[in-house]
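> next come a sequence and a model predicted from it.
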Amino acid sequence: MNCILPLAISSLGILGLALGLGLLLVFFCVGIYNRLVTLRNRLENAFAQIEVQLKRRYDLIPNLVETVKGYMAHEKETLEAVINARNQAVGGLQAAAAKPGDAAAMQQLVSAEQGLSGALGRLFALSEAYPDLKANQNMAQLSEELTSTENRVAFARQAYNDSVTAYNTYRQTFPPVLLAGLLGHGEDAELLEFDSQAIAEAPQVSF
């Protein structure tokens, strides 16, 4: 009887210690999970700001084409290329918005934006040969709005990339790197990087 009591007390102590360590581990994992979710939400919100500006850009393009059409009706192929590129960019943005940070979705958006910027660049280059078009007030306003939107996209993209870097850095550090995959954060988010300087900057057009 004298031996059983100390053993029982010792067992309770060990059990209490194990429960305490278990709770600490749970709280530790919860802390890492909450931090990952917070950082992920920040990058998704940052991408939403890019989405707002790109949608504004895409909404301006049909008006641009309608304005140009009256002066450049015979440039049908160029006008159609702009509209087709715009539609592909809309699809690319939808894919990226559904999975912000996903490598394939980001690449699809970058590729679509590259095609759109190239088509717009050719359109603006052709418009230089039409003095009446250059003097058109609506054209000048649309060009200014596109330039302003491009600048806003650049700022929003920088904020998004900063958020992605913060998320990836935390996910890659120890000990989060050991648990991120188990907590549903197994892959780094993808930066939104434009391959061409023509995409990163607004078209330089003088009206």
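Arrived safely, thanks for sending.

> give me the element the residue nearest the centre of the chain is part of.
Among the residues of the chain, the one closest to the centroid is F47, at 3.9 Å (Cα atoms, centre = their mean). Using DSSP states H and E, F47 sits in helix 4-69.

> now find how far off-centre that helix is within its chain.
Helix 4-69 sits 17 Å away from the centroid of its parent chain (Cα atoms, centre = their mean, to the nearest Å).

> elements contacting it?
When contacts are defined as 3 or more Cβ pairs under 8 Å, 6 or more residues apart in numbering; DSSP states H and E, helix 4-69 sits against helix 76-98, helix 103-127, helix 137-172, helix 176-179. Heads up, the C-betas are built off the backbone N, CA and C, glycines and all.

> so where is this protein shaky, pLDDT-wise?
Applying pLDDT under 70 to the chain flags residues 1-11, 195-207.

> and P100, backbone torsions?
The phi and psi values for P100, taken as degrees, to the nearest 10, are phi -60, psi 130.

> okay, now it: neighbour count?
23 (other Cβ atoms under 10 Å).

> contacting residues for it?
Residues near P100 by Cβ atoms under 8 Å, 6 or more residues apart in numbering: 43-44, 47-48, 189.

> filter those residues to the buried ones?
Among these, those scoring as buried are 43-44, 47, 189 (criterion: 16 or more other Cβ atoms under 10 Å).

> export those to JSON lines and tack on distance to E80?
Shown next, in JSON lines, are those (distance: Cβ to Cβ, whole Å):
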{"residue": "L43", "distance to E80": "36"}
{"residue": "E44", "distance to E80": "35"}
{"residue": "F47", "distance to E80": "30"}
{"residue": "A189", "distance to E80": "35"}
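
> picking that back up, of the helices and strands packed on helix 4-69, which stretch is the most buried?
Each of those was scored by mean neighbour count; the highest is helix 103-127, a mean of 19, by mean count of other Cβ atoms under 10 Å.

> packing partners for it?
Using 3+ Cβ pairs under 8 Å, 6+ apart as the test, helix 103-127 ends up in contact with helix 4-69, helix 76-98, helix 137-172, helix 197-200.

> and the next element down the chain from it?
Per DSSP H and E, helix 103-127 leads on to helix 131-134 as the next helix or strand towards the C-terminus.

> hmm, who's touching that following helix?
With Cβ under 8 Å, 6+ apart as the test, helix 131-134 has contacts from 67-68, 71-72, 127-128, 139-140, 206-207.

> from the residues you listed, list just the buried residues.
Buried subset of the contacts of helix 131-134 (neighbour count, 16+ other Cβ under 10 Å): 67-68, 71-72, 127, 139-140, 207.

> ok, now how distant is I83 from E113?
Counting by Cβ to Cβ, to the nearest Å, the gap from I83 to E113 is 15 Å.

> same check, this time on L133
Distance of L133 to E113, computed by Cβ to Cβ: 25 Å.

> repeat that for L146.
Distance, L146 to E113, by Cβ to Cβ: 13 Å.

> next one: S148
Distance from S148 to E113, by Cβ to Cβ: 17 Å.

> likewise F194?
Per Cβ to Cβ, F194 is found 7 Å from E113.

> gap between the residue lying closest to L79 once chain neighbours are set aside and T78?
Here the nearest residue to L79 in space, its sequence neighbours aside, is V65; by Cβ to Cβ, 6 or more residues apart in numbering that works out to 5.5 Å. Using Cβ to Cβ, V65 is found at 10 Å from T78.
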